[in-house]
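Asker: Requesting a structural model of the entry that follows:
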Amino acid sequence: MQKRGEIRWSERDEGWEVFVPAVAFKNAHSSFFAGKPFRLVLPNLGGLYDHITEYIGRHRSMLLNGANDPGTFFVKTVKATSRDASYNQSTFYEAWRLVIQRYGVFNPYTGRGAIRGLLPHGPHNVRDVLATHILKHTGSYEQASYAIQDTPEMVAKHYGRFLPQDKAAMAAQILNQVWEAA
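Answerer: Residues are numbered from 1 along each chain as shown. This is a model prediction of the structure:
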């Protein structure tokens, strides 16, 4: 078994799915997985399935440029200096960081970029952002743990460091909802 996920067509669900064996995760032995793989059928939002079909049928072969197919969904552009189309941990990290720098970080001088205040970061930071965001909006370690495929105990240990005013604001918000309902 390969220790990596894949994007594949599901005949049963008639949709594209993300399938990742539990062993591919850093926390593979967590009770969250219970030895079972992570599986998510992607919704066909914004014509996603058409984009995937176009990528597989046309664009992917252009990126490969005659090089050996590594058998993965995502491939790197093959050039004269690099005939290896597969990503490894380092090349994926660098590609991610470059995309964030180029398209995510807002540049006030050019007016380009999506998010003001965003700094260049690697893919692992997505876990931090998700867990922190969900914790700050719900106060639930359990919900945050679902989002990052971990346990509530691990979320509490690593992400549960709220400033006192954040905790007080969450409590006030809940109390306000109770008073409004009364």
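
Asker: ok, how many other residues are close to the nearest residue to residue 28 once chain neighbours are set aside?
Answerer: Nearest residue to residue 28, sequence neighbours excluded (Cβ to Cβ, 6 or more residues apart in numbering): residue 22, at 4.9 Å. Bear in mind the C-beta positions are built from the backbone N, C-alpha and C, glycine included. The number of residues packed near residue 22 is 18, by other Cβ atoms under 10 Å.

Asker: And for residue 32?
Answerer: 19.

Asker: now swap in the one 5 residues further on and tell me
Answerer: Other residues within reach of residue 37, judged by other Cβ under 10 Å, total 14.

Asker: residue contacts, it?
Answerer: 19-22 (Cβ atoms under 8 Å, 6 or more residues apart in numbering).

Asker: Can I get the longest helix belonging to the chain in CSV? Just the C-alpha atoms.
Answerer: Longest helix in the chain by number of residues, with DSSP state H as the criterion: helix 164-181. Output of helix 164-181 as CSV, limited to C-alpha atoms (Å, rounded to 0.1, in the frame of the first residue of the first chain):
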residue,chain,number,x,y,z
PRO,A,164,-8.7,35.7,27.8
GLN,A,165,-10.7,38.3,25.8
ASP,A,166,-11.4,35.6,23.1
LYS,A,167,-12.8,33.3,25.8
ALA,A,168,-14.9,36.1,27.3
ALA,A,169,-16.2,37.2,23.9
MET,A,170,-17.3,33.6,23.1
ALA,A,171,-19.1,33.3,26.4
ALA,A,172,-20.8,36.7,25.9
GLN,A,173,-21.9,35.8,22.4
ILE,A,174,-23.6,32.6,23.7
LEU,A,175,-25.3,34.5,26.6
ASN,A,176,-26.5,37.2,24.1
GLN,A,177,-28.2,34.5,22.0
VAL,A,178,-29.9,33.1,25.1
TRP,A,179,-31.2,36.6,26.1
GLU,A,180,-32.4,37.3,22.6
ALA,A,181,-34.3,34.0,22.5
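
Asker: what about the residue nearest the centre of the chain, which helix or strand?
Answerer: Central residue of the chain (Cα atoms, centre = their mean): residue 126, 6.1 Å from the mean position. In this structure, residue 126 sits in helix 125-138 according to DSSP states H and E.

Asker: can you pull the buried residues of the next helix or strand along the chain from that helix?
Answerer: Proceeding N to C from helix 125-138, the next assigned helix or strand is helix 141-147, under DSSP H and E. By neighbour count on 16 or more other Cβ atoms under 10 Å, the buried set for helix 141-147 is 141, 144-145, 147.

Asker: Which strands and helices lie in contact with helix 141-147?
Answerer: With contacts taken as 3 or more Cβ pairs under 8 Å, 6 or more residues apart in numbering; DSSP states H and E, helix 141-147 sits against helix 125-138, helix 152-159.

Asker: Residue 89 is nearest to which of the ones you listed?
Answerer: Using Cβ to Cβ as the measure, helix 125-138 is the one of those that comes nearest residue 89, at 15.0 Å.
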